[in-house]
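Novice: Quick one, fold the following:
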Amino acid sequence: MAAALLFSPYSSKPHSPSAPFTPSSSSLSLPPQSPLHSKHNQSLKFSSPPRSTALGAQGISSELEEIYKSCNVWNWRGFNVNYVVKGNGPPLLLVHGFGASIGHWRRNIGVLSQTNTVYAIDLLGFGASDKPPGFAYTMETWAQLILDFLAEVVKKPTVLIGNSVGSLACVIAASEANDELVRGLVLLNCAGGMNNKAIVDDWRIKLIFPLLWLIDFLLKQRRIASAIFERVKQKENLRNILASVYGNKGAVDDDLVEIIKRPAEQEGALDAFVSIVTGPPGPSPITLMPVISMPVLILWGDEDPFTPLDGPVGRYFASLPPKCLNITLFVLPGTGHCPHDDRPELVHEKLIPWLEGLTSSNEVFVG
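Specialist: Below is the predicted model:
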(Lines give C-alpha, C1' and ligand atoms only; values in the text may rest on other atoms or scores of the structure.)
Protein backbone atom coordinates (compact mmCIF):
# COMPACT_ATOMS: atom_id res chain seq x y z
CA MET A 1 0.00 0.00 0.00
CA ALA A 2 2.56 2.59 1.09
CA ALA A 3 4.99 1.89 -1.71
CA ALA A 4 2.38 2.01 -4.43
CA LEU A 5 1.26 5.43 -3.26
CA LEU A 6 4.62 6.86 -4.28
CA PHE A 7 3.42 6.50 -7.85
CA SER A 8 -0.12 7.82 -7.40
CA PRO A 9 -0.95 10.80 -9.66
CA TYR A 10 -3.94 11.91 -7.59
CA SER A 11 -4.17 14.98 -5.43
CA SER A 12 -4.34 14.63 -1.65
CA LYS A 13 -7.79 16.20 -1.27
CA PRO A 14 -10.06 15.21 -4.18
CA HIS A 15 -13.56 16.56 -4.54
CA SER A 16 -16.17 14.18 -3.11
CA PRO A 17 -19.86 14.01 -2.24
CA SER A 18 -20.74 15.19 1.25
CA ALA A 19 -23.65 12.90 2.05
CA PRO A 20 -23.97 9.10 2.24
CA PHE A 21 -25.87 7.11 -0.35
CA THR A 22 -28.33 4.57 1.12
CA PRO A 23 -30.64 2.57 -1.20
CA SER A 24 -34.12 1.58 0.29
CA SER A 25 -19.34 -19.63 -10.91
CA SER A 26 -16.76 -20.93 -12.39
CA SER A 27 -13.64 -21.75 -10.31
CA LEU A 28 -10.62 -19.45 -10.31
CA SER A 29 -7.54 -20.57 -12.20
CA LEU A 30 -4.02 -19.98 -10.91
CA PRO A 31 -1.16 -18.93 -13.21
CA PRO A 32 0.30 -21.97 -15.06
CA GLN A 33 3.83 -20.98 -14.02
CA SER A 34 2.84 -20.73 -10.38
CA PRO A 35 4.12 -23.30 -7.89
CA LEU A 36 0.59 -23.33 -6.48
CA HIS A 37 -0.26 -26.09 -8.95
CA SER A 38 1.69 -28.48 -6.74
CA LYS A 39 -0.20 -30.90 -4.52
CA HIS A 40 -2.26 -29.12 -1.89
CA ASN A 41 -1.04 -29.75 1.63
CA GLN A 42 -4.21 -29.51 3.74
CA SER A 43 -2.67 -29.92 7.18
CA LEU A 44 -3.33 -27.09 9.62
CA LYS A 45 -0.86 -25.94 12.29
CA PHE A 46 -2.23 -23.87 15.11
CA SER A 47 0.85 -22.92 17.11
CA SER A 48 2.09 -19.33 16.97
CA PRO A 49 4.71 -18.95 14.21
CA PRO A 50 8.19 -17.67 15.12
CA ARG A 51 7.79 -14.75 12.70
CA SER A 52 4.84 -13.44 14.71
CA THR A 53 6.91 -13.48 17.90
CA ALA A 54 9.60 -11.43 16.13
CA LEU A 55 7.06 -8.92 14.93
CA GLY A 56 5.74 -8.61 18.47
CA ALA A 57 9.12 -7.73 19.96
CA GLN A 58 9.79 -4.53 21.96
CA GLY A 59 9.12 -1.20 20.32
CA ILE A 60 5.39 -1.68 19.68
CA SER A 61 2.31 -1.16 21.83
CA SER A 62 0.92 -3.88 24.10
CA GLU A 63 -2.23 -3.86 21.95
CA LEU A 64 -0.27 -4.73 18.83
CA GLU A 65 1.92 -7.15 20.75
CA GLU A 66 -1.18 -9.05 21.85
CA ILE A 67 -2.40 -9.40 18.26
CA TYR A 68 0.95 -10.75 17.09
CA LYS A 69 1.28 -13.20 19.99
CA SER A 70 -2.16 -14.67 19.30
CA CYS A 71 -1.41 -15.45 15.65
CA ASN A 72 -1.72 -18.92 14.12
CA VAL A 73 -0.35 -20.39 10.93
CA TRP A 74 -2.27 -22.22 8.19
CA ASN A 75 -0.48 -24.26 5.56
CA TRP A 76 -1.78 -23.33 2.12
CA ARG A 77 -0.42 -25.34 -0.79
CA GLY A 78 2.98 -25.64 0.85
CA PHE A 79 3.16 -22.04 2.10
CA ASN A 80 2.67 -20.75 5.65
CA VAL A 81 -0.10 -18.15 5.93
CA ASN A 82 -0.39 -16.12 9.12
CA TYR A 83 -3.80 -15.39 10.66
CA VAL A 84 -5.52 -14.46 13.90
CA VAL A 85 -8.96 -15.33 15.26
CA LYS A 86 -10.82 -13.70 18.15
CA GLY A 87 -14.36 -13.59 19.52
CA ASN A 88 -17.54 -15.57 19.01
CA GLY A 89 -20.48 -15.11 16.66
CA PRO A 90 -21.04 -14.83 12.92
CA PRO A 91 -17.61 -14.90 11.24
CA LEU A 92 -15.87 -11.99 9.57
CA LEU A 93 -12.64 -12.16 7.56
CA LEU A 94 -10.49 -8.99 7.43
CA VAL A 95 -8.20 -8.65 4.41
CA HIS A 96 -5.53 -5.91 4.39
CA GLY A 97 -4.20 -3.83 1.51
CA PHE A 98 -0.82 -3.60 -0.27
CA GLY A 99 2.10 -3.34 2.15
CA ALA A 100 -0.07 -3.88 5.22
CA SER A 101 -0.88 -6.94 7.35
CA ILE A 102 -3.01 -8.20 10.25
CA GLY A 103 -1.69 -5.40 12.47
CA HIS A 104 -3.42 -2.83 10.28
CA TRP A 105 -6.72 -4.00 11.83
CA ARG A 106 -5.43 -3.19 15.36
CA ARG A 107 -8.25 -0.69 15.96
CA ASN A 108 -11.01 -2.99 14.70
CA ILE A 109 -10.40 -6.55 15.89
CA GLY A 110 -11.24 -5.84 19.54
CA VAL A 111 -14.45 -3.93 18.76
CA LEU A 112 -15.77 -6.34 16.14
CA SER A 113 -14.91 -9.45 18.19
CA GLN A 114 -17.42 -8.40 20.85
CA THR A 115 -20.23 -9.66 18.60
CA ASN A 116 -18.46 -11.69 15.90
CA THR A 117 -15.79 -14.28 15.34
CA VAL A 118 -13.14 -12.14 13.70
CA TYR A 119 -10.50 -13.67 11.45
CA ALA A 120 -7.72 -11.54 9.96
CA ILE A 121 -5.19 -12.88 7.50
CA ASP A 122 -1.80 -11.93 6.11
CA LEU A 123 -1.99 -12.46 2.36
CA LEU A 124 0.89 -14.41 0.82
CA GLY A 125 3.80 -11.99 0.40
CA PHE A 126 2.81 -9.76 3.32
CA GLY A 127 3.06 -9.59 7.10
CA ALA A 128 4.28 -12.83 8.68
CA SER A 129 3.09 -15.02 5.80
CA ASP A 130 5.63 -16.63 3.48
CA LYS A 131 7.25 -14.51 0.77
CA PRO A 132 8.54 -17.12 -1.68
CA PRO A 133 11.43 -15.81 -3.81
CA GLY A 134 10.52 -15.28 -7.45
CA PHE A 135 6.81 -15.88 -6.87
CA ALA A 136 4.45 -14.29 -9.43
CA TYR A 137 1.78 -12.57 -7.32
CA THR A 138 -1.66 -12.03 -8.84
CA MET A 139 -5.05 -10.85 -7.64
CA GLU A 140 -6.51 -14.21 -8.62
CA THR A 141 -4.03 -16.08 -6.41
CA TRP A 142 -4.99 -14.00 -3.37
CA ALA A 143 -8.69 -14.50 -4.11
CA GLN A 144 -8.19 -18.27 -4.26
CA LEU A 145 -6.29 -18.16 -0.97
CA ILE A 146 -9.28 -16.38 0.61
CA LEU A 147 -11.74 -18.94 -0.72
CA ASP A 148 -9.60 -21.84 0.50
CA PHE A 149 -9.23 -20.22 3.93
CA LEU A 150 -13.02 -19.94 4.22
CA ALA A 151 -13.49 -23.55 3.15
CA GLU A 152 -10.72 -25.11 5.28
CA VAL A 153 -10.47 -22.89 8.38
CA VAL A 154 -13.65 -20.84 8.89
CA LYS A 155 -16.10 -23.43 7.51
CA LYS A 156 -19.11 -21.10 7.90
CA PRO A 157 -20.72 -18.43 5.70
CA THR A 158 -18.56 -15.35 6.22
CA VAL A 159 -18.64 -11.60 5.66
CA LEU A 160 -15.52 -10.49 3.78
CA ILE A 161 -14.12 -7.08 4.77
CA GLY A 162 -11.25 -5.72 2.69
CA ASN A 163 -9.25 -2.54 2.19
CA SER A 164 -7.65 -1.37 -1.06
CA VAL A 165 -6.28 -4.38 -3.00
CA GLY A 166 -7.66 -6.53 -0.16
CA SER A 167 -11.10 -5.24 -1.14
CA LEU A 168 -10.49 -6.20 -4.74
CA ALA A 169 -9.35 -9.69 -3.70
CA CYS A 170 -12.60 -9.98 -1.71
CA VAL A 171 -14.65 -8.85 -4.74
CA ILE A 172 -13.00 -11.51 -6.91
CA ALA A 173 -13.55 -14.18 -4.25
CA ALA A 174 -17.19 -13.15 -3.71
CA SER A 175 -17.87 -13.23 -7.44
CA GLU A 176 -16.79 -16.89 -7.47
CA ALA A 177 -18.22 -18.02 -4.13
CA ASN A 178 -21.54 -19.59 -3.19
CA ASP A 179 -23.73 -18.70 -0.21
CA GLU A 180 -22.08 -21.41 1.89
CA LEU A 181 -18.79 -19.47 1.84
CA VAL A 182 -19.62 -15.75 1.57
CA ARG A 183 -22.77 -14.07 2.91
CA GLY A 184 -21.76 -10.42 2.68
CA LEU A 185 -19.09 -8.05 1.39
CA VAL A 186 -17.64 -4.85 2.90
CA LEU A 187 -15.35 -2.72 0.76
CA LEU A 188 -13.14 0.01 2.23
CA ASN A 189 -11.81 2.21 -0.59
CA CYS A 190 -11.61 -0.63 -3.10
CA ALA A 191 -8.64 -0.59 -5.48
CA GLY A 192 -9.17 -0.72 -9.23
CA GLY A 193 -6.34 -3.22 -9.67
CA MET A 194 -3.16 -4.62 -8.14
CA ASN A 195 -1.37 -1.50 -9.39
CA ASN A 196 -2.07 1.76 -11.24
CA LYS A 197 -1.84 0.14 -14.68
CA ALA A 198 -5.42 -1.05 -14.15
CA ILE A 199 -6.85 2.47 -14.38
CA VAL A 200 -6.38 3.36 -18.04
CA ASP A 201 -9.41 5.63 -18.52
CA ASP A 202 -8.37 8.41 -16.16
CA TRP A 203 -6.53 11.42 -17.61
CA ARG A 204 -4.21 11.54 -14.60
CA ILE A 205 -3.05 7.98 -15.20
CA LYS A 206 -2.76 8.55 -18.96
CA LEU A 207 -0.52 11.54 -18.24
CA ILE A 208 2.01 9.46 -16.31
CA PHE A 209 1.52 6.11 -18.10
CA PRO A 210 4.96 6.29 -19.78
CA LEU A 211 6.44 6.89 -16.32
CA LEU A 212 4.69 3.77 -14.98
CA TRP A 213 6.27 1.64 -17.71
CA LEU A 214 9.68 3.23 -16.98
CA ILE A 215 9.25 2.35 -13.30
CA ASP A 216 8.39 -1.23 -14.33
CA PHE A 217 11.59 -1.41 -16.37
CA LEU A 218 13.73 0.01 -13.58
CA LEU A 219 12.23 -2.27 -10.93
CA LYS A 220 13.12 -5.29 -13.03
CA GLN A 221 16.79 -4.33 -12.62
CA ARG A 222 17.67 -5.98 -9.30
CA ARG A 223 20.16 -3.37 -8.07
CA ILE A 224 17.86 -0.47 -8.90
CA ALA A 225 14.85 -2.21 -7.35
CA SER A 226 16.79 -2.90 -4.16
CA ALA A 227 17.88 0.74 -3.89
CA ILE A 228 14.32 2.01 -4.39
CA PHE A 229 12.93 -0.49 -1.89
CA GLU A 230 15.54 0.40 0.72
CA ARG A 231 14.63 4.06 0.37
CA VAL A 232 10.87 3.41 0.51
CA LYS A 233 11.06 1.41 3.74
CA GLN A 234 13.06 3.97 5.72
CA LYS A 235 11.00 4.99 8.74
CA GLU A 236 10.81 8.69 7.97
CA ASN A 237 9.86 8.05 4.34
CA LEU A 238 7.17 5.60 5.40
CA ARG A 239 5.81 8.08 7.93
CA ASN A 240 5.61 10.82 5.28
CA ILE A 241 3.94 8.53 2.76
CA LEU A 242 1.39 7.32 5.30
CA ALA A 243 0.64 10.87 6.43
CA SER A 244 -0.18 11.76 2.82
CA VAL A 245 -2.65 8.86 2.66
CA TYR A 246 -4.43 9.40 6.00
CA GLY A 247 -6.96 12.16 6.65
CA ASN A 248 -6.39 11.87 10.40
CA LYS A 249 -2.65 12.54 10.73
CA GLY A 250 -2.77 11.59 14.41
CA ALA A 251 -3.44 7.98 13.40
CA VAL A 252 0.01 7.77 11.79
CA ASP A 253 1.86 6.60 14.89
CA ASP A 254 4.96 4.50 15.59
CA ASP A 255 2.93 1.28 15.55
CA LEU A 256 1.67 1.99 12.03
CA VAL A 257 5.17 2.61 10.73
CA GLU A 258 6.33 -0.67 12.30
CA ILE A 259 3.35 -2.55 10.85
CA ILE A 260 4.57 -1.59 7.37
CA LYS A 261 8.33 -1.66 7.96
CA ARG A 262 9.00 -4.89 9.82
CA PRO A 263 7.61 -7.31 7.22
CA ALA A 264 9.52 -5.33 4.56
CA GLU A 265 12.77 -6.40 6.25
CA GLN A 266 12.04 -10.09 5.71
CA GLU A 267 13.51 -12.28 2.99
CA GLY A 268 11.34 -12.26 -0.12
CA ALA A 269 9.81 -8.86 0.61
CA LEU A 270 11.68 -7.16 -2.25
CA ASP A 271 10.52 -9.83 -4.70
CA ALA A 272 6.93 -9.34 -3.55
CA PHE A 273 7.23 -5.56 -3.93
CA VAL A 274 8.58 -5.83 -7.49
CA SER A 275 6.11 -8.52 -8.57
CA ILE A 276 3.09 -6.57 -7.32
CA VAL A 277 4.12 -3.17 -8.72
CA THR A 278 5.15 -4.58 -12.12
CA GLY A 279 2.68 -7.46 -12.47
CA PRO A 280 -0.69 -7.67 -14.21
CA PRO A 281 -3.33 -5.48 -12.55
CA GLY A 282 -5.89 -8.29 -12.47
CA PRO A 283 -9.68 -8.18 -12.98
CA SER A 284 -11.45 -4.86 -12.61
CA PRO A 285 -14.12 -4.50 -9.91
CA ILE A 286 -16.21 -2.71 -12.52
CA THR A 287 -16.57 -5.96 -14.46
CA LEU A 288 -17.14 -8.11 -11.35
CA MET A 289 -19.64 -6.14 -9.25
CA PRO A 290 -22.62 -6.76 -11.61
CA VAL A 291 -22.49 -10.50 -10.83
CA ILE A 292 -22.53 -10.01 -7.04
CA SER A 293 -26.05 -10.21 -5.59
CA MET A 294 -25.19 -10.59 -1.88
CA PRO A 295 -25.45 -7.60 0.50
CA VAL A 296 -22.59 -5.14 0.00
CA LEU A 297 -21.50 -2.23 2.21
CA ILE A 298 -19.12 0.32 0.67
CA LEU A 299 -17.28 2.78 2.92
CA TRP A 300 -15.18 5.41 1.15
CA GLY A 301 -12.84 8.00 2.64
CA ASP A 302 -13.33 11.33 0.89
CA GLU A 303 -9.65 12.33 1.16
CA ASP A 304 -8.23 9.25 -0.57
CA PRO A 305 -5.31 10.24 -2.88
CA PHE A 306 -5.03 6.72 -4.33
CA THR A 307 -8.60 5.85 -5.35
CA PRO A 308 -10.41 9.20 -5.11
CA LEU A 309 -14.15 9.51 -5.47
CA ASP A 310 -13.70 11.63 -8.59
CA GLY A 311 -11.57 8.94 -10.25
CA PRO A 312 -13.11 6.23 -12.46
CA VAL A 313 -13.26 3.57 -9.72
CA GLY A 314 -14.68 5.97 -7.14
CA ARG A 315 -17.29 7.32 -9.57
CA TYR A 316 -18.33 3.79 -10.49
CA PHE A 317 -18.90 2.70 -6.89
CA ALA A 318 -20.70 5.96 -6.07
CA SER A 319 -23.12 5.26 -8.94
CA LEU A 320 -24.15 1.80 -7.68
CA PRO A 321 -26.59 2.40 -4.76
CA PRO A 322 -29.41 4.02 -6.76
CA LYS A 323 -29.35 1.08 -9.20
CA CYS A 324 -28.49 -1.86 -6.92
CA LEU A 325 -30.73 -2.50 -3.91
CA ASN A 326 -28.16 -4.87 -2.34
CA ILE A 327 -25.55 -2.10 -2.09
CA THR A 328 -25.20 0.62 0.55
CA LEU A 329 -22.56 3.34 0.28
CA PHE A 330 -21.35 5.86 2.87
CA VAL A 331 -18.76 8.54 2.25
CA LEU A 332 -16.60 9.13 5.35
CA PRO A 333 -15.52 12.76 5.81
CA GLY A 334 -11.92 13.66 6.58
CA THR A 335 -10.82 10.09 5.89
CA GLY A 336 -8.14 8.74 3.56
CA HIS A 337 -7.36 5.46 1.82
CA CYS A 338 -7.48 3.25 4.93
CA PRO A 339 -10.70 4.23 6.76
CA HIS A 340 -10.60 1.38 9.29
CA ASP A 341 -7.31 2.64 10.78
CA ASP A 342 -7.65 6.30 9.85
CA ARG A 343 -11.01 6.97 11.54
CA PRO A 344 -12.17 3.62 12.96
CA GLU A 345 -15.05 5.20 14.89
CA LEU A 346 -16.66 6.32 11.60
CA VAL A 347 -16.23 2.84 10.14
CA HIS A 348 -17.70 1.10 13.19
CA GLU A 349 -20.62 3.56 13.26
CA LYS A 350 -21.71 2.34 9.81
CA LEU A 351 -20.38 -1.22 9.83
CA ILE A 352 -21.76 -2.59 13.11
CA PRO A 353 -25.45 -1.74 12.45
CA TRP A 354 -25.08 -3.12 8.91
CA LEU A 355 -23.68 -6.39 10.28
CA GLU A 356 -26.50 -6.58 12.85
CA GLY A 357 -29.07 -6.12 10.10
CA LEU A 358 -27.37 -8.79 8.02
CA THR A 359 -27.51 -11.28 10.90
CA SER A 360 -31.16 -10.54 11.77
CA SER A 361 -32.24 -10.97 8.15
CA ASN A 362 -30.77 -14.50 8.06
CA GLU A 363 -31.33 -17.58 10.16
CA VAL A 364 -30.19 -17.42 13.78
CA PHE A 365 -26.46 -18.04 13.94
CA VAL A 366 -25.42 -21.25 15.65
CA GLY A 367 -21.88 -21.90 16.69
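Novice: Any idea which helix or strand in the chain has the lowest mean pLDDT?
Specialist: strand 44-45 (a mean of 31; mean pLDDT, DSSP states H and E).
Novice: ok, V296 touching I327?
Specialist: Yes: between V296 and I327 there is a contact under Cβ atoms under 8 Å: 4.6 Å. Backbone N, C-alpha and C define where each C-beta goes, glycine included.
Novice: Against M294, how distant is the closest residue to V291 other than its chain neighbours?
Specialist: Spatial nearest neighbour of V291, excluding adjacent residues (Cβ to Cβ, 6 or more residues apart in numbering): S175 at 5.3 Å. S175 sits 10 Å away from M294, going by Cβ to Cβ, to the nearest Å.
Novice: which of those two has more neighbours?
Specialist: Neighbours per residue, other Cβ atoms under 10 Å: of S175 and M294, the larger number sits with S175, 22 against 18.
Novice: Is the more buried one located within a helix, as I assumed?
Specialist: Yes: counting by DSSP: H, G, I helix; E, B strand; the rest coil, S175 falls inside a helix.
Novice: can you pull the pLDDT of it?
Specialist: Here, the pLDDT recorded for S175 equals 97.
Novice: Same question for F229.
Specialist: pLDDT, F229: 86.
Novice: With S12 instead?
Specialist: Reported pLDDT for S12: 38.
Novice: do P17 as well
Specialist: With respect to pLDDT, P17 scores 36.
Novice: how about the helices of this structure, start to end?
Specialist: Under the criterion DSSP state H, the chain contains helices at 50-55, 62-69, 109-112, 139-149, 165-176, 203-219, 222-232, 235-245, 254-264, 269-278, 285-288, 312-318, 339-342, 344-360.
Novice: Between the ones you listed, which has the poorest mean confidence score?
Specialist: helix 50-55 (a mean of 38).
Novice: rewinding a little: now the helices of the chain in CSV, with distance to G89?
Specialist: Putting the helices of the chain into CSV (distance: least, Cβ to Cβ, whole Å) gives the following:
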stretch, distance to G89
helix 50-55, 24
helix 62-69, 19
helix 109-112, 9
helix 139-149, 18
helix 165-176, 20
helix 203-219, 41
helix 222-232, 39
helix 235-245, 32
helix 254-264, 26
helix 269-278, 33
helix 285-288, 28
helix 312-318, 28
helix 339-342, 19
helix 344-360, 8
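Novice: With respect to L92, which of these lies nearest?
Specialist: L92 lies closest to helix 109-112 among those, at 6.1 Å (Cβ to Cβ).
Novice: L124 reaches A143, doesn't it?
Specialist: No: L124 is not in contact with A143 according to Cβ under 8 Å; the separation is 11.5 Å.
Novice: Tell me the bridge partners for V331.
Specialist: Assessed by DSSP bridges, V331 has beta-bridge partners W300.
Novice: Any figure for the gap between it and F229?
Specialist: According to Cβ to Cβ, V331 stands 34 Å off from F229.
Novice: now W74
Specialist: Going from W74 to F229 by Cβ to Cβ gives 28 Å.
Novice: between the two, who's got more neighbours?
Specialist: W74 (21 against 18).
Novice: Quickly note the distance from that one to G311.
Specialist: Per Cβ to Cβ, W74 is found 35 Å from G311.
Novice: same thing with V171?
Specialist: 17 Å.
Novice: And these two? Which one has more around it.
Specialist: V171 (28 against 22).
Novice: Contacts only, for that one.
Specialist: V171 is in contact with G162, L185, L187, C190, P285, L288, M289, I292, counting by Cβ atoms under 8 Å, 6 or more residues apart in numbering.
Novice: Please list all residues in contact with the nearest residue to the third one once chain neighbours are set aside.
Specialist: Closest residue to L187 apart from its sequence neighbours, by Cβ to Cβ, 6+ apart: S167 at 4.3 Å. Going by Cβ under 8 Å, 6+ apart, S167 touches V95, G97, L187, L188, N189, C190, A191, P285.
Novice: what about the second one, how many neighbours?
Specialist: Neighbours of G97 under the rule other Cβ under 10 Å: 28.
Novice: can you pull the contacts of the residue nearest to it when sequence neighbours are not counted?
Specialist: Nearest residue to G97 in three dimensions, chain neighbours excluded: S164, at 3.0 Å (Cβ to Cβ, 6+ apart). Shown in contact with S164 (Cβ under 8 Å, 6+ apart): 1, 96-98, 100, 188-191, 306-307, 337-338.
Novice: most neighbours, which of these?
Specialist: A191 (32 neighbours).
Novice: Distance of L238 relative to M294?
Specialist: 36 Å.
Novice: and what of V153?
Specialist: 20 Å.
Novice: What of R315?
Specialist: Counting by Cβ to Cβ, the gap from R315 to M294 is 23 Å.
Novice: again with P281
Specialist: On the measure of Cβ to Cβ, P281 and M294 end up 24 Å apart.
Novice: likewise E267?
Specialist: For E267, the distance to M294 equals 39 Å [Cβ to Cβ].
Novice: what's near enough to touch Y83?
Specialist: So Y83 contacts C71, N72, V73, W74, I102, Y119, A120, I121, D122, F149, V153 (Cβ under 8 Å, 6+ apart).
Novice: one more time with 6 Å
Specialist: Contacts for Y83 (Cβ atoms under 6 Å, 6 or more residues apart in numbering) come out as N72, W74, I121.
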